[in-house]
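In: my questions are about this predicted structure, shown below with the sequence.
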There are 2 protein chains.
Amino acid sequence: MSTSERLIESTRQLLWERGYVGTSPKAIQQLADAGQGSMYHHFSGKADLALAAIRRDVEQQRELAEEVLSAPGTALERISGYLLRERDVLRGCPVGRLAQDPDIIASPVLREPLEETFHWLRNRIAQVLTEGRQRGEFTREPDPAATAAVIVSVVQGGYVLARSADSTEPFDQAVTGALALLAAHC
Amino acid sequence: MSTSERLIESTRQLLWERGYVGTSPKAIQQLADAGQGSMYHHFSGKADLALAAIRRDVEQQRELAEEVLSAPGTALERISGYLLRERDVLRGCPVGRLAQDPDIIASPVLREPLEETFHWLRNRIAQVLTEGRQRGEFTREPDPAATAAVIVSVVQGGYVLARSADSTEPFDQAVTGALALLAAHC
DNA sequence: GTCTATATCGAGATAGAC
DNA sequence: GTCTATCTCGATATAGAC
């Protein structure tokens, strides 16, 4: 793996674990086994490197979501696939995590990938719900946009509860609870 | 207000805005208009001061929640009161925010107030739901514990989406969506 | 209780040699 | 492309005077 590549991957890992504010160039260099000069040759600074790392994060999250959401099956099954997907719950969401970082939110260029990703995800889930409605899968028809926001929020909020409790239990309760509420509409 | 008091309040504000990792003793002192020696006289260090601030945060959040959840009305109305309560959505939750802070989660003593608070909140909401069931307010009876986890997660996740979008819209969608799903059970 | 001095270390970068 | 040197600040305290 190239030095530039190692720097990006190390940054992804550290951003996930420690956030933007808590991640130093020095720590990135050590984890990537790259020198100071090397880092500043490939990237203009911490923010530039973070942007590259974030772009890769959101791309990956999007692929993971698309994989389950485009699977065959009913809307409920596909959303179930999203909610029950294998996750490293106690580590949290590498993308949602950044929403708490003041320097990320204060920077339009660093925040943009987050906004774009969650916007896409909500729309994608709303689309799945709309398809389900059109196929007559719901007896009570849930509002697609609002319900999609619920699904995504439950996952992001589930991470918060799980980390606070140092246990995956609240996350599991939240996703199965959301699934049960939705299933009652079928 | 006493110096000690000003230090705690300044810390609360900075923890909310910048998190634990992003908050320095120096910044706290400046905001509190207190000297270095003053801070280290009243508190043993950053962690000690943060603990005092966090304890005050969780106490306040609990009072705010109890106020709406103990109000008269049906279970749906009381939960609606919790979900629709006035919030500074773009600033996020002062307690949930800390769940993303690696140094908070790594410290049992700093994490404990978060765990305790969310544990209490989930139980309190589950209790409200159970009361509603006993009064026959639900035609389809939702699981209290799982549904309570959904309610709390939706709020915490709603903050994440709102901050990512720099807009309160996703938060509002999520809470109204959750309310609609729950209302369909009545 | 509060102040100033001092100390150590890391953050975040720039400069120029190789 | 990578390395080492250097720079300026801030983080996080401790010490001791007042």
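Out: In hand now; what should we look at? Keep in mind that what you see is a predicted model, and the values were worked out from it rather than measured.

In: what does chain A have sitting close to DNA strand D?
Out: When proximity is defined as Cβ under 7 Å from any atom of the strand, chain A approaches DNA strand D at A:3-4, A:34-38, A:40-42. (Each C-beta comes from the backbone N, C-alpha and C, glycine too.)

In: what about the residue nearest to A:Q156 when sequence neighbours are not counted, how many neighbours?
Out: Counting by Cβ to Cβ, 6 or more residues apart in numbering or on different chains, B:G157 is the residue found nearest to A:Q156 once chain neighbours are left out, at 3.4 Å. B:G157: 31 surrounding residues under other Cβ atoms under 10 Å in any protein chain shown.

In: and what about B:G157, helix, strand or coil?
Out: helix (DSSP: H, G, I helix; E, B strand; the rest coil).

In: residues in contact with it?
Out: Residues near B:G157 by Cβ atoms under 8 Å, 6 or more residues apart in numbering or on different chains: A:96, A:152-158, A:160, B:174.

In: still on that earlier bit, from the residues of chain A next to DNA strand D, which two are the most distant?
Out: A:S4 and A:Q36 (14.6 Å; Cβ to Cβ).

In: close to DNA strand C, is the lengthiest helix in chain A?
Out: Secondary structure assigned by DSSP state H gives helix A:108-134 as the longest helix of chain A. No: applying Cβ under 7 Å from any atom of the strand, one finds helix A:108-134 separated from DNA strand C by no less than 12.8 Å.

In: for chain A, which segments count as helices?
Out: With DSSP H as the criterion, chain A has helices spanning A:3-18, A:25-32, A:36-42, A:46-69, A:75-84, A:102-106, A:108-134, A:144-165, A:169-183.

In: could I get those helices in CSV, plus columns for mean pLDDT?
Out: Formatted as CSV, those follow (pLDDT from 0 to 100):
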stretch, mean pLDDT
helix A:3-18, 98
helix A:25-32, 98
helix A:36-42, 97
helix A:46-69, 98
helix A:75-84, 98
helix A:102-106, 98
helix A:108-134, 98
helix A:144-165, 99
helix A:169-183, 98
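
In: deepest of those, which one?
Out: helix A:144-165 (a mean of 27; mean count of other Cβ atoms under 10 Å in any protein chain shown).

In: next one: that one to chain centre, how far?
Out: 11 Å (Cα atoms, centre = their mean, to the nearest Å).

In: what's the angle between that helix and helix B:144-165?
Out: Helix A:144-165 runs at 100 degrees relative to helix B:144-165, counting by axes from the mean of the first three to the mean of the last three Cα atoms, to 10 degrees.

In: about what we covered before: and the helices of chain A: which comes nearest B:I28?
Out: Across these, closest to B:I28 is helix A:102-106 (Cβ to Cβ), at 15.5 Å.

In: tell me what that closest one is packed against?
Out: helix A:108-134 (3 or more Cβ pairs under 8 Å, 6 or more residues apart in numbering or on different chains; DSSP states H and E).

In: for the helix it packs on, name the packing helices and strands.
Out: helix A:46-69, helix A:75-84, helix A:102-106, helix A:144-165, helix B:144-165, helix B:169-183.

In: tell me who's in contact with the residue positioned nearest the centre of chain A.
Out: The centre of chain A sits closest to A:V95, judged by Cα atoms, centre = their mean, with a distance of 4.2 Å. A:V95 makes contact with A:54, A:57-58, A:61, A:113-114, A:117-118, according to Cβ under 8 Å, 6+ apart.

In: what about it, distance to DNA strand C?
Out: 21 Å (Cβ to the nearest atom of the strand, to the nearest Å).

In: and if you look at A:E63?
Out: A:E63 is 29 Å from DNA strand C, by Cβ to the nearest atom of the strand.

In: and that residue, how far from A:T117?
Out: 11 Å (Cβ to Cβ, to the nearest Å).

In: and what of A:T168?
Out: 23 Å.

In: circling back: which one of the contacts of B:G157 is nearest to DNA strand D?
Out: The closest of the contacts of B:G157 to DNA strand D turns out to be A:V160 (Cβ to the nearest atom of the strand; 23.2 Å).

In: so the closest one touches B:G92, yeah?
Out: No: A:V160 is beyond contact range of B:G92, at 10.2 Å (criterion: Cβ atoms under 8 Å).

In: can you check which residues contact both of those two?
Out: With Cβ under 8 Å, 6+ apart as the test, A:V160 and B:G92 reach no residue in common.

In: find the nearest non-adjacent residue to A:S24, please.
Out: Per Cβ to Cβ, 6+ apart, closest to A:S24 is A:K46, 7.9 Å.

In: residues contacting that neighbour?
Out: A:23-25.

In: and if we set it to 10 Å?
Out: A:11, A:20, A:23-25, A:28, A:39, A:103 (Cβ atoms under 10 Å, 6 or more residues apart in numbering or on different chains).

In: and for A:D172?
Out: By Cβ under 10 Å, 6+ apart, the contact list for A:D172 reads A:84, A:89, A:158, A:162, B:146, B:149.

In: identify the farthest-apart pair in the residues you listed.
Out: It's A:V89 and B:A146 that sit farthest apart of the contacts of A:D172, by Cβ to Cβ, at 16.0 Å.

In: how close does whatever residue of chain A ends up closest to DNA strand C get to A:L14?
Out: At 2.9 Å from DNA strand C, A:S24 is the closest residue in chain A, using Cβ to the nearest atom of the strand. Counting by Cβ to Cβ, the gap from A:S24 to A:L14 is 8 Å.
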